[in-house]
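Chemist: Build me a model from this:
(chains A and B)
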Number of protein chains: 2
Amino acid sequence: MAQENEQTNDFSKWYLQSIQKADLFAYGPVRGTMVFKPNGYSLWEKIQEAFNQKFKESGVKNCYFPMLIPESFFKKEADHVEGFAPELPWVTRAGEEELEEPVALRPTSETLFGNAMSDWINSYRDLPMELNQWANVFRWEKRTLPFLRTSEFLWQEGHCAYASEEEARERTMYFLNLYKEVVEDLLALPVYDGQKTPSERFAGGVDTYSIEAMMKDTKAVQAGTSHYLGTNFAEAFDIKFLNSDNHHDYVHTSSWGVSTRLIGSMIMAHGDEKGVIFPPKMAPIQVTLIPVGNIKKNPEVLTRLRAIEDALKAVGLSTYLDDSNNSAGYKYNESEVKGVPLRIEFGPRDLENNQCMIKMRDLDKKFEVSLDELVERVQSELEIMQKRLYDKADAYRHAHEHTEIDSFEELKAHIARCEEKGEYPGWILAGWDGTEETEAKIKEETGFTSRNIPFNPPMKKTVDLVSGRPAKYTVWFARAY
Amino acid sequence: MAQENEQTNDFSKWYLQSIQKADLFAYGPVRGTMVFKPNGYSLWEKIQEAFNQKFKESGVKNCYFPMLIPESFFKKEADHVEGFAPELPWVTRAGEEELEEPVALRPTSETLFGNAMSDWINSYRDLPMELNQWANVFRWEKRTLPFLRTSEFLWQEGHCAYASEEEARERTMYFLNLYKEVVEDLLALPVYDGQKTPSERFAGGVDTYSIEAMMKDTKAVQAGTSHYLGTNFAEAFDIKFLNSDNHHDYVHTSSWGVSTRLIGSMIMAHGDEKGVIFPPKMAPIQVTLIPVGNIKKNPEVLTRLRAIEDALKAVGLSTYLDDSNNSAGYKYNESEVKGVPLRIEFGPRDLENNQCMIKMRDLDKKFEVSLDELVERVQSELEIMQKRLYDKADAYRHAHEHTEIDSFEELKAHIARCEEKGEYPGWILAGWDGTEETEAKIKEETGFTSRNIPFNPPMKKTVDLVSGRPAKYTVWFARAY
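Modeler: Next up, the predicted model:
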């Protein structure tokens, strides 16, 4: 099929066209920025709502920190400034006045929270302190892609302080698990959870954990991260507390974040040749209702369809009745490219037979449903579809996992074979000896980077892919966004 | 009373101490910025929730635009750039690279929405277009005050386009009325609605309308604005639509906003000598529960108090049971300075008598309530308090309205008299001949500025306060934040 090739042959083009047809975004006037159009922003609102509820239930408090960070703050944590400096936009002037000290647009806010926590935390009674903010952040990236990598993006960043390493580590994992849970449930997006290698670690952190998702082009997206920061920021910003033994100790801090790139990941994991497919829980519109045939001759069709729409709305579904003058075929297509999970077609004969046709966005067949059981059926079909999208994505990723490659030669041969056949190279589960050297060689020569050291690898690897030395870790490698 | 004098004698000091004691904010590291601490941010979340619901009900769609605005955008609307240029922070550098064109941190987003709407609007079928975003904005102010005037603040900005002036004006008023409704209901803050004079109008607009509130020091706060922008931005950004007669017309645009300054206004309008008083609908904690007497001897007191707390939580109230080791008196004070609307005191004798003591934050007396009717009573007392705070603020503002001053000499004498007596000068309802000259003179010599031309003035003025010429308008003048 020619259309299918559009997704398979030029995935980037397919992605950009799909998010445009679904009316999710527009380019901003400044390089690498984007507008979240109402459909696109509603996706972020749903993500916010789900996480906010979970965060609040677990005792996290929302707050808001200023966006501007003094240059001096970055310099307090050497690795942190080194990691972020190349991407920082700087405000140097206000009105006509040159600023005495340039201020950066936040790329992340460990330094601001650290600075504040050193004031706010005095004794063990102030701990744990678990804060979160929803904010815009800035990283001046060379190559950008809407939702996935933009100069400005939206995210939440949790910043926490604890009395002990044990508690800090335990909560670092808690929030990673929470990410996995929500992303798999809400976005129907299966993820690999694991630990990042040191070279991919957060600048200034001790250990970084991530959830990683596979897109349809088998590239990886780092969909969320949770960092144990040790006492690095506590030392840099002097965050100490009086413990129950009357000694002053440094707190142990952590931070964790998910961003609007989740939206791009969801689309790249579920879309098909026609465009985006929204999991029902995320869809801006869950059900389109389309009158079929000559409405002017059969005004009753529209009247009845409106009643059906009201019944669906009454159970909390978001609906759109397309009563425009376009042809039914045009409307079907519109509903598909907008990614609407379920479409109801209803014409004069359906009216007579007290039924309608249902078409699920991700299936080819249509089926008849009696109007008497329509509401329940729509609800159950949407639930089934949510699960089906997850299962499809899960099957897809497992089909593109390669656990059989044990040497660098095999990897290069595999990649060459895929390129020849026009196939995606998938993810490689490989043994790693723990040296930067072998990781760097893989990246340099294949573009594959370590994604994470999975908590539950499908198997244990014993030999480093490159060096042939005994493997200390089993690691997922993939090309990534 | 010495304490009362703190609010009356040095209102600024009272304000800063009050918001500090209530743990609402901290200063940010960059000049004029602030941190919204969890208690302070929860106030904004409540405001967001109330407005979001109203906006969505009325068909407005949320979206998100980039924060960075190219210099060239400002120059497209001459009045707009003139109004905002002195306060704009500029990003001139990213990483090591100087930007080709400096980009500003948004002070407001008419230019960005205008630029996008010129792409998005083609025909009358695309209209009306009513968009809103929740965002951080920047105005590099010389004098700042937490919540009321900060270099970065949070707000919502609605941006709309319509086919006709009539519809645009009708909706401009609709959103102003919505502001009045929510601010009066949720914040218990009575406002004056009216039209701004040209000198106080939005830079680039045709007509600006505002709601204005009186603080306890009788200064005014502009609590929300709604602007009819005519075709100014449509012409600057070429936003045209094909009307039903097949002609291309400019759209008529409007914009409207409320910001985190609402939080400061609420506090300055309701607080007393002890500190902040939250209207029950806004309070981060609505009810504090305080055990009285020796808890170790009477563990049953705490057990029972926890059961009471659970019952209050079950009906959706936010509660805090203070079981710390501090004295009851200390806890009472803590609850008051935190602005908690209702306090429950419960000791061994209360346990015996199946009752508790209730103290409302804004009243001096305590009263007994049977535990059998406690939940209903707490709910009704909170409702009554919400209404009472509104009524008090309403009585306060009316007591400080001056409608009897008809000449500049009288105004100056009034101000001198107030200064002598240590009284607040209030608001002056004055006739205005419509010239910039008289308005400027009042501002220059007294610091009073025109607040608005109220829709429902308590009386009509016939003579200009300064020139003695016939008045065209009746205007509120006041000192303002």
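
Chemist: hey, where'd the helices end up in the stretch 51-200 of chain A?
Modeler: Residue ranges of the helices in the stretch 51-200 of chain A, as given by DSSP state H, counting those that start in this stretch, are A:71-75, A:78-84, A:110-120, A:165-186.

Chemist: weakest of the ones you listed in terms of mean pLDDT?
Modeler: Mean pLDDT per stretch puts helix A:78-84 lowest among the helices of the stretch 51-200 of chain A, at a mean of 85.

Chemist: could you dump the helices of the stretch 51-200 of chain A to a markdown table with distance to A:G257 and mean neighbour count?
Modeler: For every residue, glycine as well, the C-beta is placed using N, CA and C. Listed next are the helices of the stretch 51-200 of chain A as a markdown table, based on distance: least, Cβ to Cβ, whole Å; neighbours: other Cβ atoms under 10 Å in any protein chain shown:
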| stretch | distance to A:G257 | mean neighbour count |
| --- | --- | --- |
| helix A:71-75 | 18 | 16 |
| helix A:78-84 | 14 | 17 |
| helix A:110-120 | 11 | 23 |
| helix A:165-186 | 9 | 19 |
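
Chemist: need those in a markdown table with distance to chain B, can you?
Modeler: Shown next, in a markdown table, are the helices of the stretch 51-200 of chain A (distance: least, Cβ to the nearest Cβ, whole Å):
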| stretch | distance to chain B |
| --- | --- |
| helix A:71-75 | 7 |
| helix A:78-84 | 10 |
| helix A:110-120 | 6 |
| helix A:165-186 | 17 |
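
Chemist: what is A:M129 paired to in the beta sheet?
Modeler: A:A161 (DSSP bridges).

Chemist: contacting residues around it?
Modeler: A:117, A:120-121, A:160-161 (Cβ atoms under 8 Å, 6 or more residues apart in numbering or on different chains).

Chemist: for chain A, what's the longest helix?
Modeler: helix A:374-399 (DSSP state H).

Chemist: ok, and for it, which residues are buried?
Modeler: By 16 or more other Cβ atoms under 10 Å in any protein chain shown, the buried positions in helix A:374-399 come out as A:374, A:377-379, A:381-382, A:385-386, A:388-390, A:392-393, A:396-397.

Chemist: Dump stretch A:315-322 to CSV, restricted to CA.
Modeler: Below are the C-alpha coordinates for stretch A:315-322, written out as CSV (Å, rounded to 0.1, in the frame of the first residue of the first chain):
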residue,chain,number,x,y,z
VAL,A,315,-21.8,9.4,30.7
GLY,A,316,-18.8,11.7,30.4
LEU,A,317,-17.6,11.0,26.8
SER,A,318,-16.3,13.8,24.7
THR,A,319,-18.1,13.8,21.3
TYR,A,320,-18.3,15.7,18.1
LEU,A,321,-21.3,15.6,15.8
ASP,A,322,-20.2,16.5,12.3
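
Chemist: And the contacts of that stretch?
Modeler: Contacts of stretch A:315-322 (Cβ under 8 Å, 6+ apart): A:283-291, A:305-306, A:309, A:312-313, A:331, A:334-335, A:340, A:375, A:378-379, A:382.

Chemist: For the stretch 1-150 of chain A, which segments count as strands?
Modeler: A:25-27, A:34-36, A:61-62, A:68-70, A:89-94, A:97-105, A:129-138 (DSSP state E, counting those that start in this stretch).

Chemist: I'd like to know how far the closest residue to A:E45 other than its chain neighbours sits from B:R125.
Modeler: Sequence neighbours aside, B:N62 is the residue nearest to A:E45 in space, at 6.7 Å (criterion: Cβ to Cβ, 6 or more residues apart in numbering or on different chains). Distance check for B:N62 against B:R125: by Cβ to Cβ, to the nearest Å, it reads 21 Å.

Chemist: cool, and A:D310?
Modeler: 24 Å.

Chemist: now swap in A:F278 and tell me
Modeler: The value you get for A:F278 to B:R125, if Cβ to Cβ is used, is 24 Å.

Chemist: Of those two, which one has the most company?
Modeler: When A:F278 and B:R125 are compared for neighbours, A:F278 comes out ahead with 27 against 10, by other Cβ atoms under 10 Å in any protein chain shown.

Chemist: In the stretch 101-250 of chain A, what residue comes closest to chain B?
Modeler: Here the stretch 101-250 of chain A gets closest to chain B at one residue, A:W140, 3.9 Å apart by Cβ to the nearest Cβ.

Chemist: In a strand, A:K296, correct?
Modeler: No - per DSSP: H, G, I helix; E, B strand; the rest coil, A:K296 lies outside any strand segment and is coil.

Chemist: Pull out the buried members of the contacts of stretch A:315-322.
Modeler: For the contacts of stretch A:315-322, buried by 16+ other Cβ under 10 Å: A:283-291, A:305, A:309, A:312, A:331, A:334-335, A:340, A:378-379, A:382.

Chemist: ok, and of the residues you listed, which contact chain B?
Modeler: Among the buried ones among the contacts of stretch A:315-322, no residue is within reach of chain B (Cβ under 8 Å from any Cβ of the partner chain).

Chemist: Can you tell me which of those residues end up in strands?
Modeler: A:287-291 (DSSP state E).

Chemist: which one of the residues you listed is nearest B:V191?
Modeler: Nearest to B:V191 among those: A:V287, at 41.2 Å, using Cβ to Cβ.

Chemist: my guess is A:I19 contacts A:P146, does it?
Modeler: Yes - between A:I19 and A:P146 there is a contact under Cβ atoms under 8 Å: 6.1 Å.

Chemist: any residues in contact with both of these two?
Modeler: A:25, A:264.

Chemist: Count the residues that sit near A:S18.
Modeler: 23.

Chemist: what sits against the nearest residue in space to it that is not next to it in sequence?
Modeler: Take A:S18 and drop its neighbours on the chain: the residue closest to it by Cβ to Cβ, 6+ apart is A:G275, 4.1 Å away. Contact analysis of A:G275 by Cβ under 8 Å, 6+ apart lists A:17-18, A:21-22, A:336-339.

Chemist: just the buried members of the residues you listed?
Modeler: A:18, A:21-22, A:336-339.

Chemist: quick one: which of those residues sit in helices?
Modeler: Using DSSP H, these in helices are A:18, A:21, A:336-337.

Chemist: right, and out of those, which lies closest to chain B?
Modeler: A:K21 (14.8 Å).

Chemist: Hmm, that closest one is touching A:V337, no?
Modeler: Yes - using Cβ under 8 Å, A:K21 is in contact with A:V337, at 4.1 Å.

Chemist: Quickly list what's touching both of those two.
Modeler: A:275-276.

Chemist: quick one: low-confidence parts of the stretch 1-150 of chain A?
Modeler: Applying pLDDT under 70 to the stretch 1-150 of chain A flags the ranges A:1-6.

Chemist: let's go with 80 and repeat that
Modeler: Along the stretch 1-150 of chain A, the model assigns pLDDT under 80 to residues A:1-9.

Chemist: Is there a neighbour count for the residue in the stretch 351-481 of chain A that chain B sits nearest to? I'd like the number.
Modeler: For the stretch 351-481 of chain A and chain B, the shortest gap (Cβ to the nearest Cβ) falls at A:Y481, measuring 20.3 Å. Look at A:Y481: counted by other Cβ under 10 Å, it has 18 neighbours.

Chemist: who's in contact with it?
Modeler: A:145, A:148-149, A:215, A:219-221, A:261, A:264.
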